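> coordinates only, sequence not included:
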C-alpha cells in the first residue's frame with residue numbers, strides 16, 4: 001500500500017507561472033500550499049508582466065538619456081565652434097578697423113599734399129614764361145638808353161621791331177597766337193567783339209576794320225578781336241552806331 005504522502009512527479013506545464021509554482025513545491029520539500037483557484041497563478045503572471053514592462057521602460061529611458069547626452073555633446077561642440085568663429089571675426093573686424101584708420105590718415109595726407117601742390121602750381125605756374133620775358137625787359141631797357149644817346153630813328157625803329165618779334169616768339173612758344181585778321185569776313189561772335197557799325201561797300205554784318213588784335217591760348221580765346229562791322233551800303237545816313 002502506498003503512502004498517502006508519496007510525492008507525485010511534477011508534470012511540465014505549458015504555463016510559466018505554473019512551472020514556477022511546481023519548482024517552488026519541489027524545493028520546499030513537498031509542503032502543501034493551498035491554491036483555491038487559478039487566480040493566484042494569474043496574479044503571478046501579472047507580476048511577471050509588470051516586471052518585464054518595467055524593465056522595458058528602464059531600457060527605453062536609458063536609450064533616451066543616452067540620445068539626449070549625445071545631442072548635448074553635439075550642441076557643446078557647435079557652441080565651441082561658433083565661439084571660435086566669433087573670436088576670428090572680432091579679430092578680423094579689429095584689423096579692418098585699423099586698416100581703415102590708416103587709409104583715412106593716408107588719404108588726408110594725400111589731400112593736403114595735393115592741395116599744397118595745386119596752390120604752388122597756380123602760384124608759380126608762370127615762372128618759366130616770366131623768366132623768358134626778363135630778356136624782353138633787358139632789351140627794352142637797352143633801347144631806352146640808346147634812344148637817349150642816339151638820334152638815329154631808323155636804328156631805333158629796327159631795334160624795337162626786333163624786340164617785338166622776340167616777344168611774339170615767346171608768346172607763340174607758350175601757346176599764345178594771334179587770331180587771323182577778320183577784315184572783309186563775316187562777323188563771328190566766337191572770335192570777334194564788335195564795338196560799332198559803319199556804312200561800307202561790304203554786306204551788312206561783315207568786318208570793316210580791326211581795332212585791336214585778338215589772341216588764342218591753344219584752342220581757347222584769350223582775347224576777342226575788337227572790330228567795326230558794316231551796316232551795309234546805305235548805312236543809316238553815314239552815322240556810326242556804337243554796339
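On my side now, so go ahead. It should be emphasised that the depicted structure is a prediction, and the values quoted were computed from it without experimental measurement.

> helices or strands up against the host helix or strand of residue 58?
Counting by DSSP states H and E, the element that carries residue 58 is helix 39-124. Judged by 3 or more CB pairs under 8 Å, 6 or more residues apart in numbering; DSSP states H and E, helix 39-124 is in contact with helix 16-27. No exception for glycine: its C-beta is placed from N, CA and C like everyone else's.

> Now the helix it packs on: average pLDDT?
Rounded to a whole number, the mean pLDDT of helix 16-27 is 60.

> can I see the domain layout of this protein?
When the chain is parsed with automatic domain parsing, its domains come out as 16-67, 126-174, 176-243.

> Those domains: which one's closest to residue 88?
Distances from residue 88 to each of these were compared using CB to CB; the shortest belongs to domain 16-67, at 31.9 Å.

> one step back: can you name the element that comes right after the helix holding residue 58?
Secondary structure here is assigned by DSSP H and E; on that basis, the next helix or strand after helix 39-124 toward the C-terminus is helix 127-149.

> so that following helix versus helix 39-124, what angle?
Computed with axes from the mean of the first three to the mean of the last three CA atoms, to 10 degrees, the direction of helix 127-149 lies at 10 degrees from that of helix 39-124.

> closest to residue 90 out of the domains of the chain?
Residue 90 lies closest, by CB to CB, to one member of these: domain 16-67, at 34.8 Å.

> Could I get the phi/psi values of residue 190?
The phi and psi torsions at residue 190 (degrees, to the nearest 10) take the values phi -70, psi -30.

> separation between it and residue 161?
In this structure, residue 190 and residue 161 are separated by 31 Å, where distance is defined by CB to CB, to the nearest Å.

> Same question for residue 233.
Relative to residue 161, residue 233 is positioned 38 Å away (CB to CB).

> just to revisit the earlier point, please produce TSV containing the domains of the chain, extended by distance to residue 73 and mean neighbour count.
Written out in TSV, the entries for the domains of the chain read as follows (distance: least, CB to CB, whole Å; neighbours: other CB atoms under 10 Å):
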stretch	distance to residue 73	mean neighbour count
domain 16-67	11	11
domain 126-174	80	12
domain 176-243	80	15
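
> Tabulate those (JSON lines), appending distance to residue 101.
What follows is the domains of the chain, written out as JSON lines (distance: least, CB to CB, whole Å):
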{"stretch": "domain 16-67", "distance to residue 101": "51"}
{"stretch": "domain 126-174", "distance to residue 101": "39"}
{"stretch": "domain 176-243", "distance to residue 101": "44"}
